[in-house]
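Colleague: this one's sequence-less:
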């Protein structure tokens with residue numbers, strides 16, 4: 001089994017690769033995602049390459065091998081299942097679970113993960129709307145669009161958030177936005193592309209363009 005640090009690297013590389021499918025992930029982008037030095041990243045990439053978990057050529061970038069991708073998805077699966085458990089069973093709010101799940105995702109027992117999934121009723125998404133990889137490594141592809149793409153008069157159901165940082169989630173709590181809310185776009189301000197919206201038919205609220213680019217909705 002990979003170490004905790006190796007799992008963190010594989011997970012980070014997988015998420016970065018999903019942003020640009022098929023493209024090699026650069027050392028600098030990995031260093032930024034993990035908040036570490038590029039030199040440290042280079043050493044770890046060499047180690048992961050020797051274990052057959054990624055394809056690495058210095059100065060070019062990396063691609064996960066099939067085994068590296070499997071392990072990355074397993075770590076993501078555990079993380080998101082633990083987030084569901086923390087919210088549903090221990091009454092954590094969605095802005096409190098990330099750091100705790102970061103630690104719990106490294107528990108390696110396959111039986112525990114299987115029983116956890118069953119105990120939770122085989123959830124398909126985590127508390128932020130992110131899909132939970134299946135036990136066989138299959139990753140569902142959600143069908144949703146960014147709120148920023150909607151035009152005045154259109155509405156959608158909030159099903160996921162792109163930014164899962166604690167400050168952003170706390171902001172959404174403050175303005176009354178959570179998964180399951182129905183959002184209607186009342187107007188788009190041409191000056192800065194901010195939106196005037198109605199949340200669950202309530203009086204209008206204004207959100208910035210940056211916020212609207214981090215909310216996923218379905219029609």
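Modeller: Everything's here; your move. Because the structure is a prediction, the values reported are computed rather than measured.
Colleague: Contact partners for the most centrally placed residue in the chain?
Modeller: Nearest to the mean C-alpha position of the chain, counting by CA atoms, centre = their mean, stands residue 130 at 5.6 Å. Contact partners of residue 130, counting by CB atoms under 8 Å, 6 or more residues apart in numbering, are 80, 160, 164. Every residue, glycine included, has its C-beta placed from N, CA and C.
Colleague: Look at it and report its pLDDT.
Modeller: Note on residue 130: pLDDT of 96.
Colleague: All the strands of the protein, residue numbers only.
Modeller: In the chain, the segments counted as strands under DSSP state E are 54-57, 61-64, 145-146, 155-161, 182-188, 195-199, 204-207, 215-218.
Colleague: tally of neighbours for residue 1?
Modeller: Using other CB atoms under 10 Å, residue 1 is surrounded by 9 other residues.
Colleague: Next, give phi and psi for the closest residue to residue 70 other than its chain neighbours.
Modeller: Nearest non-adjacent residue to residue 70, counting by CB to CB, 6 or more residues apart in numbering: residue 137, 5.3 Å away. Note on residue 137: backbone dihedrals following degrees, to the nearest 10 are phi 90, psi 0.
Colleague: Check what pLDDT residue 137 gets.
Modeller: Confidence at residue 137, expressed as pLDDT, is 90.
Colleague: so what's it up against?
Modeller: Contacts for residue 137 (CB under 8 Å, 6+ apart) come out as 69-70, 73-74.
Colleague: Make CSV out of those and add pLDDT, neighbour count and distance to residue 61.
Modeller: Listed next are the contacts of residue 137 as CSV, based on pLDDT from 0 to 100; neighbours: other CB atoms under 10 Å; distance: CB to CB, whole Å:
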residue, pLDDT, neighbour count, distance to residue 61
69, 95, 19, 16
70, 96, 16, 20
73, 97, 22, 20
74, 97, 22, 23
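Colleague: Let me know the closest of the residues you listed to residue 174.
Modeller: Nearest to residue 174, judged by CB to CB, of the contacts of residue 137 is residue 73 at 33.5 Å.
Colleague: residues contacting that closest one?
Modeller: Residue 73 neighbours (CB under 8 Å, 6+ apart): 14, 133, 137, 139.
Colleague: what about 10 Å?
Modeller: Going by CB atoms under 10 Å, 6 or more residues apart in numbering, residue 73 touches 10-11, 14, 64, 132-139.
Colleague: Could you measure from residue 121 over to residue 10?
Modeller: Applying CB to CB, to the nearest Å, the value for residue 121 to residue 10 is 28 Å.
Colleague: Between the two, which is the more surrounded one?
Modeller: Taking neighbours as other CB under 10 Å, residue 121 and residue 10 compare with residue 10 leading, 25 against 9.
Colleague: Now do the helices for the chain: every range, in order, please.
Modeller: Along the chain, the segments classed as helices by DSSP state H run 4-19, 27-34, 38-50, 66-90, 98-104, 110-119, 166-175, 209-212.
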